Every structure is written in structure tokens, then in C-alpha cells.
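Undergrad: here you go, sequence then predicted model.
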Amino acid sequence: MRLPVSKALITRLASFAVAGGSGFVVDATVLTLLMKLTPLGPYSARIFAIAAAMMTTFLINRTVTFGKSGRHVVHEGARYGFVALIGAGLNYAIYSALILAAPGVITPLMALVIAVGVVTVFSYLGYSRFVFNRA
């Protein structure tokens with residue numbers, strides 16, 4: 001019986017999940033550390049956490065998940081940054097809205113998990129079609 005999707009797509013999705021999981025760990029770790037060790041609150045700390053996660057996922061997606069696009073790394077990075085910033089904006093908006101909607105009920109980490117889950121599909125489509133498609 002043939003699968004409705006190719007082995008290559010399954011491998012790419014698994015690799016994307018690893019990149020995203022790694023980015024999530026970096027995001028959550030930086031967020032938690034900044035909130036515990038600095039006077040930054042959940043909103044300002046999240047900006048730095050997102051930046052660290054973005055760099056992590058770019059490196060993994062470029063080297064493992066999608067491979068180089070054939071564009072110059074600066075051009076590719078700019079495209080990645082464009083998609084990632086839109087995704088980060090959506091992620092941050094969802095994260096903030098959840099915390100504001102249920103203060104004391106939804107923790108920053110819970111809001112992070114929900115926001116990341118919602119934005120994952122957007123990110124995959126943007127990276128696979130706009131950033132790492134072959135030039």
C-alpha cells in the first residue's frame with residue numbers, strides 16, 4: 001500500500017519538527033531564565049527568547065530540514081527573517097492575548113505552547129515555499 005505522501009515529505013516534516021522542538025526549548029529556556037534572573041517581565045523577555053529561537057531554527061532548517069536554497073546566505077536569511085518575523089508577530093500576539101485574557105490562569109509557558117502550536121503550520125509553509133524553495 002502506498003502512502004498518500006512521499007517518504008521525503010515525511011522526513012522533511014520530522015526534521016522540521018526537530019528544528020521547531022529545538023527552537024521551542026531555546027525559546028522556553030531563554031524566557032524562563034530572563035524572567036528569573038533579570039528584571040524583565042514576560043513580555044519583554046519573550047522578545048529576546050524569540051530572537052534566540054529564530055537563530056536556532058534558521059541554522060537547523062538551513063542545514064538539515066530544507067538545505068540551502070541556492071540564494072546567497074544574506075538573501076536567504078532576509079527571506080527567513082521576513083517569514084519568521086511575521087510568525088513571531090502572530091506568535092507574540094497569541095501569547096499576549098492568552099495571558100491578558102486569563103491572568104493567573106494561563107501561565108507564560110502555557111501561552112507559549114499554545115502560540116507555538118498555532119503558528120507552526122504558517123511557518124512550515126512560509127519556509128518551504130518562500131525561503132528554501134530552489135532559486
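TA: Noted; the coordinates are in hand. Everything quoted here is computed from the prediction, not taken from an experiment.

Undergrad: CA only for contacts and neighbour counts going forward, please
TA: Will do.

Undergrad: what about Arg12, neighbour count?
TA: Look at Arg12: counted by other C-alpha atoms under 10 Å, it has 17 neighbours.

Undergrad: so it makes contact with Phe66?
TA: Yes - taking C-alpha atoms under 8 Å as the definition, Arg12 is a contact partner of Phe66 at 7.2 Å.

Undergrad: regarding the chain, what is its longest helix?
TA: For the chain, the helix with the greatest residue count under DSSP state H is helix 7-37.

Undergrad: against Val25, how distant is Pro73?
TA: In this structure residue 73 is Val, not Pro. Shown here: Val73 relative to Val25, a distance of 25 Å by C-alpha to C-alpha, to the nearest Å.

Undergrad: looking only at neighbour counts, state which of those two leads.
TA: Higher neighbour count among Val73 and Val25: Val25, with 15 against 12, using other C-alpha under 10 Å.

Undergrad: what score does the more buried one have for pLDDT?
TA: pLDDT, the model's per-residue confidence, is 95 for Val25.

Undergrad: quick check: the gap between it and Ala102.
TA: Separation of Val25 from Ala102 (C-alpha to C-alpha): 24 Å.

Undergrad: got the CA positions of stretch 80-87 in CSV?
TA: Listed next in CSV are the C-alpha coordinates belonging to stretch 80-87 (Å, rounded to 0.1, in the frame of the first residue of the first chain):
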residue,chain,number,x,y,z
TYR,A,80,13.8,33.6,6.5
GLY,A,81,13.7,36.7,8.8
PHE,A,82,10.7,38.1,6.9
VAL,A,83,8.7,34.9,7.4
ALA,A,84,10.0,34.4,10.9
LEU,A,85,9.1,37.9,11.9
ILE,A,86,5.5,37.5,10.7
GLY,A,87,5.3,34.2,12.5
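
Undergrad: starting at the chain centroid, how far to that stretch?
TA: Averaged C-alpha coordinates place stretch 80-87 at 9 Å from its chain's average position (C-alpha atoms, centre = their mean, to the nearest Å).

Undergrad: which parts of the chain are helices?
TA: Taking DSSP H as the criterion, the chain contains helices spanning 7-37, 42-60, 73-101, 108-126.
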